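# return a 3D structure for these sequence lines:
(chains A and B)
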There are 2 protein chains.
Amino acid sequence: MSELRQNLITRDWVIIATDRAKRPDQFANPKKSIAQLPSHSPDCPFCVGNEEDGTLETFRLGDDGTGWKVRAIGNKYPALSPTAEWMRISSGIHRTMAGIGVHEVIVEHPRHNLTTALFTIAEVTDILLVYRKRYLEIRKYPHIETIIIFKNHGESAGTSLEHPHSQIAATPVVPSLFRSRIDAAIRYFDDTGECLFCRTLEDELASGERVIFETEHFVAFIPYAALSPFHIWIFPRRHSSSFDDIFDAEITDLAYILKTVLAKLYYGLNDPDYNYNIRSIPTTEQGTKYFHWYMAIIPRVSKQAGFELGSGMFINTALPEQSAQFLRSIAIPSNCNF
Amino acid sequence: MSELRQNLITRDWVIIATDRAKRPDQFANPKKSIAQLPSHSPDCPFCVGNEEDGTLETFRLGDDGTGWKVRAIGNKYPALSPTAEWMRISSGIHRTMAGIGVHEVIVEHPRHNLTTALFTIAEVTDILLVYRKRYLEIRKYPHIETIIIFKNHGESAGTSLEHPHSQIAATPVVPSLFRSRIDAAIRYFDDTGECLFCRTLEDELASGERVIFETEHFVAFIPYAALSPFHIWIFPRRHSSSFDDIFDAEITDLAYILKTVLAKLYYGLNDPDYNYNIRSIPTTEQGTKYFHWYMAIIPRVSKQAGFELGSGMFINTALPEQSAQFLRSIAIPSNCNF
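Numbers count the residues shown, from 1 in each chain, chains lettered A, B, ... in the order given. Have a look, this model is predicted:
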């Protein structure tokens, strides 16, 4: 018997197909983990020694003679560019706009064969600090509406480069996905006077069965209507609608919970491919009471097929409560850089 | 320089990244095609001789002693079941519903190593007739809101079974994706008095640059703001909001255009993996003036990565006009079963 669950934040209905459910460990990655790669790769554009590859460096953290720690650079093949000329045409039913915006790469570490799960908390903190630094700067650019920070880890998550890196994209439109979620959040706020995200967090903490890990400022849990196996949300406890509003103490704490959750995935599912992203309110609508920024982690352990593409609904073959219990039970080795 | 285009039907903004654009033939499938498989596989549950696999057959076409042509059977691992007991609970922010609905497999042909591109028009017609037959029947089941017909061709399209087959799923909810598209269609209809899909079709025919192939009753084209390379829509010329309303003459004609377009993909891109789906208005809202049923074909030649998952926007590395021109130029061998 399968069960449908609605995610009130996304308004998606998900089919939790328990008949097809696998045991949590059956989602483990059958491939080699990133740690088995060389620590330096001469052909890698992000490795030390290859910084002069023609891309513009927009920020560098740590350059006291011991070398850089984190770099922000322009994407070599940017989907959006800040130097594009402004253009917006509406002709009949066709609407076209210049590909204006920002598309940067954050090179997370000088070493080639590391990943967030294996970084020290200090190293993850540095990456998050660069995210905030660039977010605050990019916000000021003209025509920017939405800033998305994201990471593609592994081939099935859409990256061809092994070196640890993430990306920041800033778009000149509010994506329709954001609009529909904001609409749902406003409707809930108008009906109840409270933030739907704060409400969700309270409910998850009260039940506890889908919580993976919690820290002073953050809670990581599997949503009640998770779209796919091990789909994880990290919510800040403090209501805030935009990531760049994060305090320093919260950054260190976010580094701790992010590393912990990713290490649980790394050891529990053998370094699965995943995407993560940080979603905030559009930059011109900051400070709202109804929207709450959050981080989503989507391990790529299942495929979207015709049903998902055709209906926009998802079939999840893992029970969210069971996945959360599995991740809670995963112990992280004591030599894992804490 | 990239360009943003809005798809008014989906309201999605797509980044057409011409800087990263590949030549059309660079999207070709590097793997073997389905024709290189055996024509019968003893272990395949859909092959002749394995009909008694425990799944319920709901319809069989052709049984005049020469064997079946097309079969509709229950999915062995159904995501939704018509025998589930009705249940709908709303508790706080959590909403749960029984996994009631239908999930059937259409076994398209007795032979193992064929695919729609290589079928005869008569064979594709038979498949479409079974789609309509089952659609009309499933519509009558209780609690059904939306019926989606879809096909997963190849491993990256999400199928593990090689034997030619497609699926029908009927859900007890209207997926949020459908709701938002219907809302956009209603808004356009209220503003202009016309169907947005009819308008799109007229515009595409007038420009012609994205049209791939047209027949008496149908037009196949690449949408102006195609989400991914070779993303194709087939629209009926006659306004109708639901697939099951199709006339017999239109079915034969749809078989012809579908086979032609899939054969162009087969020969032009070496049998790429793809999904197709047929989208109709929810079953309880048939006969509307604002919604138009259509068929979408999505070759799996690119991957959704963190940007797409995070923003809900898409980056298309192929220019729709160029992809359409490429497919127009692909000649189908004369021995291709016409």
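
# quick check, central residue of chain A?
The residue lying closest to the centre of chain A (CA atoms, centre = their mean) is A:Asn277, at 1.8 Å.

# residues in contact with that one?
Contacts for A:Asn277 (CB atoms under 8 Å, 6 or more residues apart in numbering or on different chains) come out as A:Ile148, A:Ile149, A:Phe150, A:Lys151, A:Met295, A:Ala296, B:Gly306, B:Leu309, B:Gly310. Yep, even glycine has a C-beta here, placed from its N, CA and C like the rest.

# what lines up beside the host helix or strand of the first one in the sheet?
Which is A:Ile148. For A:Ile148, the enclosing helix or strand under DSSP states H and E is strand A:146-153. Strand A:146-153 has its sheet partners listed here by DSSP bridges as strand A:165-171 (antiparallel), strand A:274-279 (antiparallel).

# A:Phe338 versus the closest residue to A:Glu250 other than its chain neighbours, what's the distance?
Spatial nearest neighbour of A:Glu250, chain neighbours left out: A:His217 (4.7 Å); criterion: CB to CB, 6 or more residues apart in numbering or on different chains. Using CB to CB, to the nearest Å, A:His217 is found at 17 Å from A:Phe338.

# re earlier: does the residue nearest to A:Glu250 really touch A:Ala255, like I thought?
No: with contact defined as CB atoms under 8 Å, A:His217 does not count as touching A:Ala255 (10.9 Å).

# which residue ranges form the helices in chain A?
Applying DSSP state H to chain A gives helices spanning A:121-138, A:176-192, A:196-207, A:248-268, A:306-311, A:320-329.

# quick one, which of the ones you listed is packed in tightest?
Ranked by mean neighbour count, the helices of chain A are led by helix A:306-311 with a mean of 23 (mean count of other CB atoms under 10 Å in any protein chain shown).

# separation between the spatially closest residue to A:Ala98 that is not a sequence neighbour and A:His143?
Sequence neighbours aside, A:Met87 is the residue nearest to A:Ala98 in space, at 4.1 Å (criterion: CB to CB, 6+ apart). According to CB to CB, A:Met87 stands 11 Å off from A:His143.

# out of these two, which sits in the busier spot?
A side-by-side neighbour count of A:Met87 and A:His143, using other CB atoms under 10 Å in any protein chain shown, places A:His143 first with 16 against 13.

# quick one on the thing from earlier: ok, of the contacts of A:Asn277, which one's closest to B:Asp244?
B:Leu309 (33.7 Å; CB to CB).

# quick check, A:Ser2 in contact with B:Ala79.
Yes: counting by CB under 8 Å, A:Ser2 touches B:Ala79, with 5.7 Å between them.

# need the residues touching each of those two.
A:Ile15, A:Ala17, B:Gly99.

# from those, which has minimum pLDDT?
Comparing pLDDT over the shared contacts of A:Ser2 and B:Ala79, the lowest score belongs to A:Ala17 (87).

# just checking, that residue touches A:Asn316?
Yes: the criterion here is CB under 8 Å, and A:Ala17 meets it with A:Asn316 at 6.8 Å.

# neighbour-wise, which of the two wins?
A:Asn316 (26 against 22).

# so who does the more buried one touch?
Applying CB under 8 Å, 6+ apart, the residues contacting A:Asn316 are A:Val14, A:Ile15, A:Ile16, A:Ala17, A:Ala226, A:Leu227, A:Ser228, A:Pro229, A:His231, A:Ser302.

# can you spell out which residues form a bridge with it?
When assigned by DSSP bridges, A:Asn316 has beta-bridge partners A:Ile16.

# quick check, the residue nearest to A:Ala98 in contact with A:Met97.
Yes: taking contacts as CB under 8 Å, A:Met87 lies within contact range of A:Met97: 6.6 Å.

# tell me the residues of the stretch 201-338 of chain A that contact chain B?
Proximity of the stretch 201-338 of chain A to chain B, by CB under 8 Å from any CB of the partner chain, involves residues A:203, A:224, A:275-279, A:296, A:298, A:303-313, A:315.

# again, only this time at 10 Å
A:202-203, A:206-207, A:224-225, A:227, A:274-279, A:296, A:298, A:300, A:302-317 (CB under 10 Å from any CB of the partner chain).

# what distance do you get for A:Ile278 to A:Ile147?
The spacing between A:Ile278 and A:Ile147, counted by CB to CB, is 9 Å.

# pull the contacting residues for A:Leu56.
Counting by CB atoms under 10 Å, 6 or more residues apart in numbering or on different chains, A:Leu56 touches A:Ala72, A:Ile73, A:Gly74, A:Asn75, A:Glu104.

# can you do 6 Å?
A:Gly74 (CB atoms under 6 Å, 6 or more residues apart in numbering or on different chains).

# ok, now A:Ile168?
A:Ile168 neighbours (CB under 6 Å, 6+ apart): A:Glu104, A:Arg134, A:Ile149.

# what's opposite the closest residue to it other than its chain neighbours in the beta bridge?
Ranked by CB to CB, 6+ apart and with sequence neighbours excluded, the top spatial neighbour of A:Ile168 is A:Glu104, at 4.8 Å. Going by DSSP bridges, A:Glu104 is paired in beta bridges with A:Gly74, A:Ile168.

# how close does A:Glu104 get to A:Phe150?
Where A:Phe150 is concerned, A:Glu104 sits at a distance of 11 Å (CB to CB).

# the more surrounded of those two?
A:Glu104 (27 against 24).

# is it true that the more buried one touches A:Ala72?
Yes: applying CB atoms under 6 Å as the test, A:Glu104 and A:Ala72 come out as touching, 5.4 Å apart.

# quick check: neighbours shared by these two?
Here A:Glu104 and A:Ala72 have no joint contacts, going by CB under 6 Å, 6+ apart.

# just give me the neighbour total for the residue nearest to A:His153 when sequence neighbours are not counted.
With sequence-adjacent residues excluded and distances taken as CB to CB, 6+ apart, A:His153 is closest to A:Tyr274, at 5.1 Å. The tally of other residues near A:Tyr274 (other CB under 10 Å) stands at 28.

# over to the one 4 residues further on?
For A:Ile278, the count of nearby residues is 25 (other CB under 10 Å).

# residues of stretch A:328-338 that come out buried?
In terms of neighbour count (16 or more other CB atoms under 10 Å in any protein chain shown), stretch A:328-338 has its buried residues at A:Ile330, A:Ile332, A:Cys336, A:Asn337.

# first-to-last residue distance for that stretch?
Using CA to CA, to the nearest Å, one end of stretch A:328-338 lies 17 Å from the other.

# other residues contacting it?
Residues outside stretch A:328-338 that contact it (CB under 6 Å, 6+ apart) are A:Thr120, A:Ile212, A:Ala263, A:Lys264, A:Tyr267, A:Gly268.

# equivalent analysis for stretch A:105-124, please.
Applying CB under 6 Å, 6+ apart, the external contacts of stretch A:105-124 come out as A:34-35, A:37, A:39-41, A:44, A:46-48, A:71-73, A:75, A:127, A:130, A:163-167, A:255-256, A:258-259, A:262-263, A:266, A:337.
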